[in-house]
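K.L.:
quick one: sequence and predicted model below, then my questions.
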Number of protein chains: 2
Amino acid sequence: MRISALAADAGLPVATVKYYLREGLLHAGTATSATQATYDAGHLRRLRLVRALLGPVGLSVQQARAVLQLVDEPGDDLYSTLGRAVSALPPAAAPPGDESDPYPRARAALTALGQVYDPDFPAVAQLEGALAAAESAGMPMSAERLAHYGRVLSDVAEFDLDRMPQEPRGAVEYTVLGTALYEPVLLALRRLAHQDAALRRLQRAE
Amino acid sequence: MRISALAADAGLPVATVKYYLREGLLHAGTATSATQATYDAGHLRRLRLVRALLGPVGLSVQQARAVLQLVDEPGDDLYSTLGRAVSALPPAAAPPGDESDPYPRARAALTALGQVYDPDFPAVAQLEGALAAAESAGMPMSAERLAHYGRVLSDVAEFDLDRMPQEPRGAVEYTVLGTALYEPVLLALRRLAHQDAALRRLQRAE
DNA sequence: TGTGATTAGATAGTGTTGCTCTCCAATATT
DNA sequence: AATATTGGAGAGCAACACTATCTAATCACA
């Protein structure tokens, strides 16, 4: 399969596929000569993944590259690999600032939830940023709401972990891609659940 | 309060505040002469909201303008106002395509969840896009996972609706800003819940 | 064996976005 | 009177995700 066929199968211009090659989102084909290379089904699959990450998931090329690199070569430490992958996903977190307590809102929230608080984990910074944004916009998260959300999402996490593959490689792919790909689903479902619940209440009131 | 004081309080360059004025994200101050206007605490609050939407929430200027306009002047129909607000929030949904069944994955999912399926509601298109992306990336959502997520998010929706203000204006603001501001929190909590659950399992195994 | 199409690889160009800078005359402030 | 600030408008800028162009090598077919 040559590059034009690959591009056609993926529904992309050849120039774009070349761009992804240059940017390291797609591994090179096997060269058959100085000006020819062939691509296989793996390249097509990867291309679809790249499009999903750049499109619906909303990653930038940089972020997508970071995520894909981790999936391709997870480190020895599964735990920190997952951490690094999460930090590559938006929303970008603000840098810590070197106070003694860089993430007070996140620390308070996690402590209240009875979860570990590890300031090195990137999602902590994301949580802090999100809580600070809500607060400065005049809609702070109440402790009650935080507790409820936390409980519900622990439930989701247990469900997901029950279905995580055993071998490290598969586990990384499952967690990283699952986070990237399923989060948009989660948000859409939240919005639809609101819509559905609102509709039900409206009908009940009639 | 003049523009330089406003900008200083918000921690922004004056040029940026002017830019937001031009873009319609911030309403003009009350003019006191041809070259002077004064701003009040409302402008500062709005500025903080704008920064939250453009930063952590990740909206573009266009999207933020759309959201803010709806909060400022909600239509008569609360229901459709909320719909329009949601469609202004990312992820952007693909246009329907004029087949008979434009959102097959979303329809199947919602039917299975026992929720209303209204193809005119923008979050349906978002759900379809997210499901299609997961599928084409090689990690389709199983019916089981969909059912579980759906159940959990209905729970969130009930919680949120129980706390929705009565009057229409407040309800719009609560729902629109709540969606924009709380979704990043939700995602961060999901990631942290995964981390926490993984850690617990690791410890249990030792 | 020629002849036109295709390719890898490199470089440059494009349109959009979110600011940022500069300039101006009019007004404030000191 | 001298200096600073403002509103308003326009241009400039860096980053981003492509997209287009070019070149020499190679291929595929007649």
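P.N.:
All right, it came through fine.

K.L.:
use CA for all of it now, contacts and neighbours both
P.N.:
Noted.

K.L.:
tell me which residues of the lowest-mean-pLDDT helix or strand in chain A are tucked away?
P.N.:
Scoring the helices and strands of chain A by mean pLDDT, DSSP states H and E places helix A:78-88 at the bottom, with a mean of 78. By neighbour count on 16 or more other C-alpha atoms under 10 Å in any protein chain shown, the buried set for helix A:78-88 is A:81-88.

K.L.:
closest to DNA strand C out of the residues you listed?
P.N.:
Using C-alpha to the nearest atom of the strand, A:A88 comes nearest to DNA strand C of the buried residues of helix A:78-88, at 19.6 Å.

K.L.:
does that closest one touch A:V67 like I think?
P.N.:
Yes: counting by C-alpha atoms under 8 Å, A:A88 touches A:V67, with 6.3 Å between them.

K.L.:
about what we covered before: identify the residues contacting the least confident helix or strand of chain A?
P.N.:
A:63-64, A:66-67, A:70, A:74-75, A:93, A:121-123, A:168, A:172, A:175-176, A:179, B:191 (C-alpha atoms under 8 Å, 6 or more residues apart in numbering or on different chains).

K.L.:
one more time with 7 Å, if that's ok
P.N.:
A:63, A:66-67, A:70, A:74-75, A:121-123, A:168, A:172, A:176 (C-alpha atoms under 7 Å, 6 or more residues apart in numbering or on different chains).

K.L.:
can you tell if it touches DNA strand D?
P.N.:
No: using C-alpha under 7 Å from any atom of the strand, helix A:78-88 stays clear of DNA strand D, coming no nearer than 12.9 Å.

K.L.:
what angle do the longest helix along chain A and helix B:78-88 make?
P.N.:
Under DSSP state H, the helix in chain A containing the largest number of residues is helix A:168-205. Counting by axes from the mean of the first three to the mean of the last three C-alpha atoms, to 10 degrees, helix A:168-205 lies at 160 degrees to helix B:78-88.

K.L.:
next one: helix A:168-205 to chain centre, how far?
P.N.:
Put simply, helix A:168-205 sits 13 Å off its chain's centre (C-alpha atoms, centre = their mean, to the nearest Å).

K.L.:
in terms of secondary structure, what does it contact?
P.N.:
helix A:78-88, helix B:122-136, helix B:143-162 (3 or more C-alpha pairs under 7 Å, 6 or more residues apart in numbering or on different chains; DSSP states H and E).

K.L.:
go again using 8 Å as the cut-off
P.N.:
Counting contacts by 3 or more C-alpha pairs under 8 Å, 6 or more residues apart in numbering or on different chains; DSSP states H and E, helix A:168-205 is packed against helix A:41-54, helix A:61-72, helix A:78-88, helix B:122-136, helix B:143-162, helix B:168-205.

K.L.:
pLDDT wise, what is A:R107 at?
P.N.:
Listed pLDDT for A:R107 reads 96.

K.L.:
give the buried residues for the host helix or strand of it.
P.N.:
Per DSSP states H and E: A:R107 is located in helix A:104-113. Residues of helix A:104-113 classed as buried by neighbour count (16+ other C-alpha under 10 Å): A:105-107, A:109-110, A:113.

K.L.:
again with stretch A:149-158
P.N.:
Under the neighbour-count criterion of 16+ other C-alpha under 10 Å, stretch A:149-158 has A:149-150, A:152-158 buried.

K.L.:
for stretch A:11-29, same thing?
P.N.:
Using 16+ other C-alpha under 10 Å as the burial criterion, the residues of stretch A:11-29 that qualify are A:14, A:17, A:20, A:24-26, A:29.

K.L.:
endpoints of it, how far apart?
P.N.:
With C-alpha to C-alpha, to the nearest Å as the measure, stretch A:11-29 spans 18 Å from end to end.

K.L.:
and for stretch A:31-47?
P.N.:
Across stretch A:31-47, the terminal residues are separated by 19 Å (C-alpha to C-alpha).

K.L.:
could you give the mean pLDDT of that stretch?
P.N.:
If you average the pLDDT over stretch A:31-47, you get 92.

K.L.:
that one: how far from the chain's middle?
P.N.:
From the chain centre to the centre of stretch A:31-47 is a distance of 27 Å (C-alpha atoms, centre = their mean).

K.L.:
now check that stretch, is it near chain B?
P.N.:
Yes: applying C-alpha under 8 Å from any C-alpha of the partner chain, one finds that stretch A:31-47 is in contact with chain B at A:45-46.
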